[in-house]
Every structure is written in structure tokens, then in C-alpha cells.
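> What follows is a predicted structure for the sequence shown.
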Amino acid sequence: MNGFSTGEEDSIGPTDQKCCLVDDGERCHRPAGNASYSQRIRKTVTQRRLKLHWDSMTQHIYICDYHKGVIQSARTKRRRKDSEEDSNETDTDMPEVDLFQLQVNTLRRYKRHYKVPTRPGTNKMQLAD
């Protein structure tokens, strides 16, 4: 009115909007937050087969905090599951190495990299052990 803002007017606009998502066939009636239903989020929803989609009747793409959390937790759960699967696969796929066949410099680098405690001046047989 007089050019000054109390901040209340700014927060009225987005808070009266409802979430733009349809959850399992039912429109969400929670207030929309500041997170948007971006292309990346759509891809995550599709890949995780979440029962969410954008309501084409809405004129915005803002989602509620609840659905934001659902999407984020689906993404993090998937990552953890993948990393566990990957680590199990690499454990079974790693061949055993005969350390006695490696050169002394290679054994020293291995020792230094994995911080294996040894006495100074050890020979090849002691390093391989």
C-alpha cells in the first residue's frame, strides 16, 4: 500500500496453493511448499514407480513437504541398496593375488597405501607375508 512490506503479504501467495500432485489417484490437499516438481523429480518418481503424478488442472508445479520427503527418501533408499549390491559384487569378483609374485616396489606401495605396519628394512618375503 505505502511501498513498505511487512512480509506477510509475500507469504500469502504460495501458502494458499495446494500441492500439485495426485497420490495414488487422490489429489493432495496439503499446502504447497517451495519445492517444485521438476524434470529430475519426475524421472525419480517414474524410476521408483511411485504412485505420484502431476495434476494437469493446477497452474503451478509446487509440491508439499510431505511428498518432497517421500521422493527424497525413495531416492536415498535406492542409493544405499545399490551401493550394498555393488560392494557385494566386487567382493566376489575380486581375484586372489599371490603377493609373493609381486615386485618389491609394488609391495612397498601396497604397504604404504593400506598403512600396513612393518619394520624398516624388511625384505620381499617379509613384505609379502
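Everything's here; your move.
> Geometric centre of this protein: which residue is closest?
Centroid-nearest residue in the chain, with CA atoms, centre = their mean: Thr76, separated by 4.4 Å.
> From Thr122, how far out is it?
Per CB to CB, to the nearest Å, Thr76 is found 45 Å from Thr122. (Each C-beta comes from the backbone N, C-alpha and C, glycine too.)
> hang on, Gln126 is in a strand, isn't it?
No. Under DSSP: H, G, I helix; E, B strand; the rest coil, Gln126 sits outside any strand and is assigned helix.
> show me what contacts it?
Thr118, Arg119 (CB atoms under 8 Å, 6 or more residues apart in numbering).
> Now do it against Phe100, distance only.
Distance of Gln126 to Phe100, computed by CB to CB: 11 Å.
> remind me which residues of the chain are low pLDDT?
Where the chain drops to pLDDT under 70, the residues are 1-15, 77-94.
> so where do the helices sit in it?
Residue ranges of the helices in the chain, as given by DSSP state H, are 8-15, 39-47, 65-93, 104-113, 124-128.
> Go ahead and confirm Arg108 touches Asn123.
No. Applying CB atoms under 8 Å, one finds Arg108 not in contact with Asn123, separated by 11.2 Å.
> who's more crowded, those two?
Higher neighbour count among Arg108 and Asn123: Arg108, with 15 against 9, using other CB atoms under 10 Å.
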